[in-house]
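Asker: Kindly return the folded structure for what I paste below:
(5 chains)
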Amino acid sequence: MGTLVDLVWLIPAFPLAGVLMLMALGRRLGEPRAGWLATAMMGGSFVATLLVFIGLVGHEGDERETVLTLFEWVPAGKLAVDIGFLADPLSITMALFVTGVGALIHLYSIGYMHGDADFSRFFIYLNLFAFSMLMLVLGDNLLLTFLGWEGVGACSYLLISFWFTDEANASAGKKAFVTNRVGDWGFLVAMLLAFLTFGSLQYGEIFFEVESHGVAAGTASAIVVLLLVGAAGKSAQFPLHIWLPDAMAGPTPVSALIHAATMVTAGVYLLTRMNPIIAEAHGWVPDLIMWVGLGTALMAATIAVAQNDIKKVLAYSTVSQLGFMFVAVGSGAYVAAIFHMVTHAFFKALLFLGAGSVIHGMDGDQDIRRYGGLARLLPITSMTFVAGWLAIAGVPPFSGFWSKDEILAYAYGENKVLWVLLLATAILTAFYMTRLVLMTFFGPPRWVSGDEHVNAEDSADADEPEAHSETAPPHRHPHESPWTMTIPLVVLAGLAMVAGVFNLPFTSDVHFLGNWLKPSLFGNAGHLPFGGGTQWVLALVAIVGSLGGVSAGAAVYIRRRIDPARIEHPFLARAWRIDEIVTNFMGGPGRRAFERTTQFDEQVVDGAVNATGTMIRRGGTKLRVSQSGLVRSYALGIAIGAVALLAWFISRAGI
Amino acid sequence: METAVFIVCAAIVLAGALGVVLARNPVHAALSLVGTLFGMAVLFLNLEAHFLAAVQIIVYAGAIVVLFLFVIMLLGVDRLEDLSVEPITGQRVLAGIVGLGTFGLAVAFLVTSDIGLPGQEALTGPITDQYSNLRQIADVLFTDYVYAFEATAALLTISVVGAVVMSRRIARADQAQEAPESQEAARDD
Amino acid sequence: MLSVFAQAEIPDIQWLPLIPHLVMAGAAVVLLTIVSLAGSRLPGWFASVFTMAAGLGVLATAIPVWIRVSQWGPHSAVADSIGVDQFSVFIIVVLACTVILTALVADGFLHRESLDGPAFYVLLMLSAAGGITMASANNLIVLFLGLEILSLAVYVLVAMHLRRAESQEAGIKYFVLGAFASAFLLYGIALVYGATGSLNLIEIEGILQNSDLSDNGLLLAGMGMLLVGFGFKVAAVPFHAWTPDVYQGAPSPVVSYMAAGVKAAGFAAMLRVFFGGFGGLADDWQPVVFGLAIASLAVGSMLAIVQTDVKRILAYSSISHAGFILVGVQAATDDGVASVLFYLAAYAAMAIGSFAVITLVSGPGDEGTGLDSLRGLAARHPLLAAAFTVLLLSQAGIPFTVGFWAKFEVITAAVDARSFWLAVIAMLAAVVAAFLYLRIVVAMFLDAPDPDAPRLRIPRGPALAITIVVLFTLAFGIYPEPILDLADHAQLTLQHFSAR
Amino acid sequence: MGSSLVLPVIIFLPLVGAAAIAMIAPSRSTVLKPIAVATSAATGALTLWLMAAFDKNDGGFQFTQLTEWIESAGISWHVGVDGISLFLVVLTGLLFPIAIVACDPPHDAKAYYIWMLVLETGCLGVFLALDLVLFFLFFEIVLIPMYFLIGSWGHENRKYAATKFFLFTMLGSALMLVGMLVLALLTARETGNAVTFNVLELAQSAGELPTITARWIFLSFVLAFAVKVPLFPVHTWLPDAHTEAPTAGSVILAGVLLKLGTYGLVRFGLYLFPEASRYFAPLLFTLGVIGILYGAVVATMQRDLKRLVAYSSVAHLGFIVLGIFSINTEGIEGGLLQMVNHGLSTGALFLLVGFIYERRHTRQISEMIGLQKAAPALAAVFTVVMLSSVGLPGLNGFVGEFLILAGAFVAHRWWAVVAAAGVILAALYLLWAYQRVFHGTPDDANRSMPDLNWQEKLVMVPLVGLIVFLGVYPKPVIERMEPAVNELISHMEEVEGFESPTVDDRPEGSFEELRTLIDDYGDEGEGH
Amino acid sequence: MVTASWYLILAAGLFTIGAVGLLVRRNPLIMFMCVELMLNAVNLTFITFGRELGDIGGQVSVFFVLVVAAAEVVVGLAIVVAINRRRPQATADDLSALRG
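Answerer: I've put the predicted structure just below:
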């Protein structure tokens, strides 16, 4: 067997070693060495992944699964879970871009986090995150995946609230974790059900059981739906998407790594991984996944149109793109989902890093209304950002076009209405990304002098992290970022442009990713029910749509054909008020219910205990009156007692 | 004859008893008690307990009641007690109920039950006409009940010691606290 | 005169089993005589030491009796009026120990209160002799006499602190109520006599075995009246009302004797009459004892927790303990008897120790018995506080104290007799009662000491007594087997004189 | 084998230390703590030796020692350790030295250390006793040292809390005493043997009692244990006791004392009453589930940090009860493991809260803010411990929780589904608390708070180490528990004739076999 | 013919009067007298039973009761005397400092 594949344990081992080393020496290493150490570890991990990848390529297609068991983790009763890694095309694909993009973002962070007091702590978290993410991806059983799943959640929490002195960041971190936990509940119960049904949590064993003995469609449906809950939490699908926009409170590299490229795609990965179960579920289950994805995609796209925080635009865009991937999973286009995941990882990481670079250049200001005309001042950033923009907008030949097109094609095959709505989403995507790019890099600079109007509006806007906008100085000197930040941008821009070649639709031979992933899908991948001609037409429509979106954006934001305010409806700006509804519920009836329960505990449960004591005491006090100190009363008591005894005995005598 | 004596004596006994309970003056009460005791002695005779009848008169009427009167005189506690008021609420009502209860229950028990077992022989000692009542009592007293008889010695010792202890003159509390070590004063009995 | 004696059947008096009785009563008389003759020439500690020696003498003479009984079996002496069995010897030992310990405690107290003199000790020993008589009586009249001896002496002891008005108030209350209850008891004896024709418990037991008297009104009424009398002596509700007042008013060492000795004698007599004599009618009296037990447990515990005077708290707790012991009585089994004996021994130790501590803490005039006087005791006298805590925890039935095993045995007996609910109620009452012991512990350990509180003088006698009972409590708390064994052997069986 | 004496030595070594401390003259107060630490550490070392010497394949009791004690009552000195008790003993041996090292009493050091060591003896005795009465003695005696620890060294409301703790727990055990006696006496009556309190013998004749009687007795046991656990709705002594206790007291209370209840449920509930356990299991795990949610909800609203942690214990212990009454290997093992986990995590949490209290002299959450700025190390440790408590995979809390849920799901799936929601709430209250205390900008009062000193770090090292270790590699613990748990379950199945709810055997399969299977289906397998 | 019941009922009545008297009178001396009434009632009962049973035991018992009564009165009166030295004319109701 290929010894290279057996190196799979090295992939998570590198970042783990990084965590341990940084914990031991982090403060002593100081800046920037701690960052370099972490980056090197990620690089090592990437190299290890590459080696495993090469090893896997060396195998026959049917033998491209290797399980490496390190040790028994939880051997209890019938439950036997190992710490074992599954190296198969799917996991290694994920691992490749996780480590690759991760390494770039680590590198970027060295520059971005320059001067931060907790520099080394940041890299501990980043490495820990990478480790968790790799455990999620590489785990050969659901429980180990869950370990990574929760681990990335925890790291996300730690990183979002990294600048903890700001209450908003702290709240956002907590919100992310708790919302994720809601989803994790679904994952947890799904695991329990899987254990009950299959007697195992190991993927291989589960799938074997499914194939050999089959599984009731109801059970499979239940498992999938529960997993969907989990996936929706992690991948920010409606209605659990509310945490992701807030998560932008974290440092921008975090947003790029966790909340765009890697962690949030875990849900898609999980559903893809569990494709044999989905195949056994009722027909409505994939449809549910699809419609959840579509709803989220459309909703998030509309919201993104009205956001003014650069990172929020990108955040909603991420939510929307994840919706695309869910649609793909739901329509059986697992390859398309993974394809889009990869391309999205490239261009969204790029966009976030670019945004970070902009924010860095703008001294922390994130409001695009105070941007404008930055293209001159931040040439590399703007160039790469544009590449990302074209990719996400679906302009050929950039990567986003290929992956999105494939999803649209499958959606068309599944349901025409779905396709129309998804196409509309794609158009919206092009529109709001155009808006973002135009407002940021082109047009007149709006950052030259303090704009009272904007400030006033800001303070009314609850969603904005006020700290940045209100402390904005009137005059800024936007500047390009250091090389540690720009190199990742360039690399990612390159990938965003060319990643489409991974999976070209022309012939099945160039369908590289599809062929590569085939062993992991066990023949459960969907097929397009129409021929190449239809595909060409659909692609053309998609291209037209994208260009239409771009031109509409240009029309609004350069030509000012329509007042932007009419598009940026407050309802959209406030994210359909979902967040408010949740907050109001939690702060209102939810909190009241909690308070009632607490009152119940204090007054009823504890009250009953104290009341018992009081009652006994009161009874004692009452009885005390009988102890009057008067000897004749006592004698009366004796006499009454005597009469009572006599009365008892006379009843026994039967007189 | 027995009936007549019983009725008369019962009347005396009850009247005396009521006298004790109802007399406002302790001296009158003590004298009523004498009446009861006297009636009781006659009843004892009626029941052929001659020795006890004598002892009843001698010990009770002669000694105990005199002791009562002596103490009444000594302490001058012959103040009249106002029987029209009862400081303790409900005491009399409850006492009445208890009295009725005790009496009623006792009568119920007494009149409906057999005394002893049919055909049973006297377990302590038969009452015969062969010996005098005194002799019969003495026989039992100095044989079967000799332990009890000796025990009465302890009883009498206690009453003597007790009377002495209680009648000690003791230094006033304030003085005693000033001189707590003055123990010799108390050791003179 | 000779002819009279010749004709009467002189009972064959076996002296050996009576020696403990005689030693106890005789020592009292001898002490009285010596003091009368020698007067002030005797050292101050003489009476106390004499009393302890007498107690030790009783213990020493009880041993051969025990051995003899265990060899020959239980029997009766003096024309069946005195039972010679291990049951009575057990109680005799308890009473003797009580006398010894009380004498230890009393010595310093009497000096402090200027109550010196032999009277206390004479009455103490006579009272104990009465108790011994009660515990061994196989004849109801002998039992009554024993009870009166015991009680009359205690009436005087209670009232003897002439400088304290409370002492005399307690004395008259106890006396009036005691006489009242005695009258009921006596009436009960008369009724039993009427029903059975006998005053002898052995004969009564035989009669009840041979003929069905279970619906004889006289007998039942007699049992009721007897229960009133015994209920009064052991302080069972509703005959308990004297207890707190008398305990509070009486001199503290007297209270330790009352709680330990009088209670033991009362229960011994109760068992002798009801389990021994009326054992065949257990169905009739068990429910009553059941009721008394519950009432005592409930009232004792509930009233105790609202008190502020330590003596009063312990008085109510003694009522609760009486309820517990009644649980064992109610079982009406040999195990029940054994458990009662064990409980009495254990409670005697705990009670004497507790009141010994109060004797010390109360200070001149026996006044400082409020909970306040104990505040911060742990800081002032850590050892005394620790000892008191052990005794209190033992009373609460905490493991590794003898009090736990006492409760354990009683509950075992109740459970074995299938009185499950009584066992449950008893344990619930124990929890309520635990609160009152905790209150005292809280006062000693958790409350700040009064800075003005005087430093206590702790004479050697009480200190020794407390040490002994604490060691007893702990040692037999860890290994109760010896006493359990003795109690198990101390079976109450009424036997005619049959030994060779 | 001389090792059969090891258990008595373990039990009484702390007592010897207490006696030694009692002998020390007041003037030499500086040696008190070293003696206390040394004795408890030596005990801890012995327990570790015990773990090492423990035969992990043996499901029965090891190192047993049986001596007649009170023969007339059928009571014996009978101690032994099996997989169920082993780790609780080790936990006890570990937590005591930590608690003693970590906290110095502000006054009366002598009495403090004596009580701590007496408490240790009591706790160890409970876990090792194999005689019902012996167990009860230890079970009850721990009240005394704990009472004094709370009452003498506690916070403002200590008298109330101590008394409540004492009476509440005593109430439960009072009825258990009756139940014990009924059990022993009736069993003796049914079998015709002499009365015995030997747990092993009682278990052998567990089926002999009439069903209804056994159920009543079981209830009396359960009440005692439920109070100790504490199970909703008899939990209210716990917040008060925890809050008012001194730090070391809280640590021991949460870490060890609560386990007396859950341990009792396993050892004396399941083992002695198989039928009744099964009959009442729905009641108990329902209460457990209520506890999980209820404890979490109430914890969320607490204003007192210590009280919050206390209520979190209610939730955690609810999990343990749920696991135990799943009555299958996974659930019980999860419960046992979670006992250890909870001891470590909550013990550590109380220590940390105690450290904060020593610095800030307040437990009010509202008075603390931004502590992470002032004390990053403290915050870091707190984070790890908190995440362990939240049940983050990779840390110890998760393994136990998952096993419990797995067992519970197999047995009663809807309860497990609801219980799993407790996971959400746990995150809610702990993270919220963390946010309020550690996040934000510190004000003047909080800015100057010192970070952990070396002594404090030292005590946290083993705790955090174990928290991580047990999360990553719980196998050494589980594999030692498993034979005993299996024995327990087969005993229950034997006596009661029921089948423990479990899942089918693990599928024997791998990806390769899967491939061949799919190939057999041929291409028709694709497409659906 | 007077049957035993008559005597017994008379005794019961006397006992009751004594008991009620003790409950309603406040003078300690009169309370003692009431106790004497009760004891006398018992004596009558004893003797009546003894006669019915043809047994001397009843009379012997009465002998002891007489002794007890005498001793009791001595002790009781001693206590009353002691109390009266401190508080002259005190009634039973006055002595209620100990209570609660």
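Asker: Identify the residue spatially nearest to B:Thr3, adjacent ones excluded.
Answerer: E:Val2 (4.9 Å; C-beta to C-beta, 6 or more residues apart in numbering or on different chains). Heads up, the C-betas are built off the backbone N, CA and C, glycines and all.
Asker: That neighbour is in contact with B:Cys9, isn't it?
Answerer: No - applying C-beta atoms under 8 Å, one finds E:Val2 not in contact with B:Cys9, separated by 10.5 Å.
Asker: neighbour-wise, which of the two wins?
Answerer: Each of E:Val2 and B:Cys9 has its neighbours counted (other C-beta atoms under 10 Å in any protein chain shown); B:Cys9 has more, 21 against 17.
Asker: Where does the more buried one fall, secondary structure wise?
Answerer: According to DSSP states H and E, B:Cys9 maps onto helix B:2-22.
Asker: hmm, stretch C:282-299 touching chain A?
Answerer: Yes - where contact is defined by C-beta under 8 Å from any C-beta of the partner chain, part of stretch C:282-299 touches chain A, namely C:Asp284, C:Pro287, C:Val288, C:Gly291, C:Val299.
Asker: Buried ones only from those residues, please, as a PyMOL command.
Answerer: Paste this into PyMOL to select the buried members of the residues of stretch C:282-299 next to chain A, with burial taken from 16 or more other C-beta atoms under 10 Å in any protein chain shown:
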select buried, chain C and resi 284+288+291+299
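Asker: who's in contact with A:Phe14?
Answerer: Contacts for A:Phe14 (C-beta atoms under 8 Å, 6 or more residues apart in numbering or on different chains) come out as A:Met41, A:Met42, A:Gly44, A:Ser45, A:Ala48.
Asker: correction: D:Arg436
Answerer: D:Arg436 touches D:Ile365, D:Ser366, D:Met368, D:Ile369, counting by C-beta under 8 Å, 6+ apart.
Asker: Tabulate the residues you listed (TSV), appending secondary structure, neighbour count and distance to A:Phe146.
Answerer: Shown next, in TSV, are the contacts of D:Arg436 (DSSP: H, G, I helix; E, B strand; the rest coil; neighbours: other C-beta atoms under 10 Å in any protein chain shown; distance: C-beta to C-beta, whole Å):
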residue	secondary structure	neighbour count	distance to A:Phe146
D:Ile365	helix	19	31
D:Ser366	helix	10	36
D:Met368	coil	24	33
D:Ile369	coil	22	34
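Asker: and which of the residues you listed is nearest chain C?
Answerer: D:Ile365 (27.8 Å; C-beta to the nearest C-beta).
Asker: Give me every residue in the stretch 251-400 of chain C lying close to chain B.
Answerer: Counting by C-beta under 8 Å from any C-beta, the stretch 251-400 of chain C sits next to chain B at C:Pro364, C:Gly365.
Asker: so where's the stretch 251-400 of chain C shaky on pLDDT?
Answerer: Applying pLDDT under 70 to the stretch 251-400 of chain C flags no residue at all.
Asker: got the residues of it near chain A?
Answerer: C:Asp284, C:Pro287, C:Val288, C:Gly291, C:Val299, C:Ser301, C:Met302, C:Leu303, C:Ala304, C:Ile305, C:Val306.
Asker: measure the first one to C:Gly229 for me?
Answerer: Spelled out, it's C:Asp284. 17 Å (C-beta to C-beta, to the nearest Å).
Asker: just the second one next, same as before
Answerer: Distance from C:Pro287 to C:Gly229, counting by C-beta to C-beta: 19 Å.
Asker: Would you mind giving the contacts of D:Arg436 as CSV with pLDDT and distance to chain A added?
Answerer: What follows is the contacts of D:Arg436, written out as CSV (pLDDT from 0 to 100; distance: C-beta to the nearest C-beta, whole Å):
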residue, pLDDT, distance to chain A
D:Ile365, 87, 14
D:Ser366, 86, 14
D:Met368, 86, 13
D:Ile369, 86, 9
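Asker: give the contact list for whichever residue of chain D sits closest to chain B.
Answerer: Relative to chain B, the nearest point of chain D is D:Pro26 (32.5 Å; C-beta to the nearest C-beta). Listed by C-beta under 8 Å, 6+ apart, the contact set of D:Pro26 reads D:Lys110.
Asker: again, but for A:Thr486
Answerer: With C-beta under 8 Å, 6+ apart, A:Thr486 has these contacts: A:Ser357, A:Ile380, A:Thr381, A:Thr384, A:Glu480.
Asker: Just the C-alpha atoms of whatever helix or strand it lives in, please, in PDB.
Answerer: In this structure, A:Thr486 sits in helix A:483-498 according to DSSP H and E. Provided in PDB are the C-alpha atoms of helix A:483-498 (Å, rounded to 0.1, in the frame of the first residue of the first chain):
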ATOM      1  CA  TRP A 483       4.000  42.000   1.300                       C
ATOM      2  CA  THR A 484       2.900  39.300   3.700                       C
ATOM      3  CA  MET A 485      -0.600  40.500   3.000                       C
ATOM      4  CA  THR A 486      -0.400  41.000  -0.700                       C
ATOM      5  CA  ILE A 487       1.300  37.700  -1.600                       C
ATOM      6  CA  PRO A 488      -1.700  35.700  -0.400                       C
ATOM      7  CA  LEU A 489      -3.900  38.000  -2.400                       C
ATOM      8  CA  VAL A 490      -2.000  37.500  -5.500                       C
ATOM      9  CA  VAL A 491      -1.900  33.700  -5.100                       C
ATOM     10  CA  LEU A 492      -5.600  33.500  -4.400                       C
ATOM     11  CA  ALA A 493      -6.400  35.800  -7.200                       C
ATOM     12  CA  GLY A 494      -4.600  33.500  -9.500                       C
ATOM     13  CA  LEU A 495      -6.500  30.500  -8.200                       C
ATOM     14  CA  ALA A 496      -9.800  32.400  -8.400                       C
ATOM     15  CA  MET A 497      -9.100  33.000 -12.000                       C
ATOM     16  CA  VAL A 498      -8.100  29.500 -13.100                       C
END
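Asker: Do any residues in stretch C:261-274 lie close to chain E?
Answerer: No - judged by C-beta under 8 Å from any C-beta, stretch C:261-274 stays clear of chain E, getting no closer than 15.3 Å.
Asker: Do me a favour and get the end-to-end distance for that stretch?
Answerer: Its start and end residues considered, stretch C:261-274 measures 20 Å (C-alpha to C-alpha, to the nearest Å).
Asker: on that earlier part again, name the next helix or strand following the helix holding B:Cys9 along the chain.
Answerer: Remark: after helix B:2-22, the chain's next helix or strand is helix B:26-46, criterion DSSP H and E.
Asker: Next one: C:Leu2, what pLDDT does it get?
Answerer: The model reports C:Leu2 with a pLDDT of 42.
Asker: next one: D:Ala111
Answerer: The model's pLDDT for D:Ala111 equals 88.
Asker: what sits against it?
Answerer: Shown in contact with D:Ala111 (C-beta under 8 Å, 6+ apart): D:Phe148, D:Ser152.
Asker: coming back round to it: can you name the two of the contacts of A:Thr486 that sit furthest apart?
Answerer: Largest separation among the contacts of A:Thr486 by C-beta to C-beta: A:Thr384 and A:Glu480, giving 11.5 Å.
Asker: mind listing what B:Gln136 touches?
Answerer: B:Gly125, B:Ile127, B:Thr128, E:Ile56, E:Gln59.
Asker: Apply 10 Å and report the result again.
Answerer: B:Phe51, B:Thr124, B:Gly125, B:Pro126, B:Ile127, B:Thr128, B:Asp129, B:Gln130, E:Ile56, E:Gln59, E:Val60 (C-beta atoms under 10 Å, 6 or more residues apart in numbering or on different chains).
Asker: Quick check: C:Arg460 touching C:Leu104?
Answerer: Yes - in terms of C-beta atoms under 10 Å, C:Arg460 counts as a neighbour of C:Leu104; the distance is 8.8 Å.
Asker: And those two? Which one has more around it.
Answerer: Neighbour totals were compared for C:Arg460 and C:Leu104, and C:Leu104 leads with 27 against 11 (other C-beta under 10 Å).
Asker: burial count for the nearest residue to D:Gly125 once chain neighbours are set aside?
Answerer: Leaving aside its sequence neighbours, D:Gly125 sits nearest to D:Phe138 (C-beta to C-beta, 6+ apart; 3.4 Å). When neighbours are defined as other C-beta under 10 Å, D:Phe138 has 22 of them.
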